[in-house]
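# This is the structure alone, sequence omitted:
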Ligand code: G
Ligand code: MN
């Protein structure tokens, strides 16, 4: 039985140069808590129950997509899916379920993070291929940190690479980080992928990412995670500007 207090918030992802809203990331929250319910997610993973949460997230995000369409807001939603779910049944089960939802082309993207070393890279690659067959884009989350490695890019044909916020945070004061990020972006582009800078909290972060060639931006300095109605209002407000306002804290 899933915790009844679980719901989704949506955080904007904007084009780096125009500031146009290009997607949102669905983030799981419990009640009014501001952070993700990490303990609940870990406990679910330990019980082998991640897929139940992953399906809840996709269903809820799809319901929101319909509500937004009714008010003529068409914006793709990124959902975080656990790699355990992705590789189950050789990647076929969940991808087949996604495909059965028959979503409009390009309305859903799946974000994959590796929290543990991936033991079945071929299954993950099969999952990604199946997603793309179902017109669902795939993003590698938190790239450059933890287990989201170059070996993963070697196996998996993703569409998007999300640059971890730990890199973004260091851009204004660390030339080594700027070099790493510049080459991460060039590598992603070379492999035909686009890049999203995560954890953009200030105009300086945004300026550096633009300068280094990053395609899209996400973070508290662009927009906080918000409810579906708030996101619809946000998308129509002046909040969508090329230069994000400065934001002191997260
Ligand atoms: O791993 P992933 O990138 O999916 O994590 C998303 C989490 O990051 C969410 O819980 C969200 O609230 C948080 N987050 C989003 N934007 C920012 C930001 O600008 N700074 C920080 N520190 N966290 C952020
Ligand atoms: Mn994510």
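Cool, got the structure. What you see is a predicted model, and the numbers here were worked out from it, not measured in a lab. Ligands and ions are numbered 1, 2, ... in the order given.
# Who's the closest spatial neighbour of the residue of the chain found nearest ligand 1, skipping the chain neighbours?
Residue nearest to ligand 1 within the chain (Cβ to the nearest ligand atom): residue 219, separated by 3.1 Å. C-beta here means a position set from N, CA and C on the backbone, and glycine is covered the same way. Once flanking residues are discounted, residue 219 sits nearest to residue 200: 3.2 Å by Cβ to Cβ, 6 or more residues apart in numbering.
# What of residue 235?
Nearest one to residue 235, counting by Cβ to Cβ, 6+ apart, is residue 21 at 5.2 Å.
# Pull the residues that contact the longest helix seen in the chain.
Counting by DSSP state H, the longest helix found in the chain is helix 50-70. Residues outside helix 50-70 that contact it (Cβ atoms under 8 Å, 6 or more residues apart in numbering) are 2, 6-8, 10, 26, 28, 41, 44, 74-75, 77, 79-82, 84-85, 88, 94, 97-98, 101, 103, 107-108, 228, 231-232.
# do it and ligand 1 meet?
No - between helix 50-70 and ligand 1, judged by Cβ under 6 Å from any ligand atom, nothing touches; the nearest distance is 11.5 Å.
# Show me which residues of this protein sit near ligand 1.
Counting by Cβ under 6 Å from any ligand atom, the residues of the chain close to ligand 1 are 11, 27, 35-36, 80, 113, 141-142, 165, 198-201, 219-220, 225, 250.
# Go again with 5 Å.
27, 36, 199, 201, 219-220, 250 (Cβ under 5 Å from any ligand atom).
# Same list (the residues you listed) but as JSON lines, adding distance to residue 152.
Below are these laid out as JSON lines (distance: Cβ to Cβ, whole Å):
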{"residue": "27", "distance to residue 152": "22"}
{"residue": "36", "distance to residue 152": "22"}
{"residue": "199", "distance to residue 152": "20"}
{"residue": "201", "distance to residue 152": "27"}
{"residue": "219", "distance to residue 152": "23"}
{"residue": "220", "distance to residue 152": "27"}
{"residue": "250", "distance to residue 152": "27"}
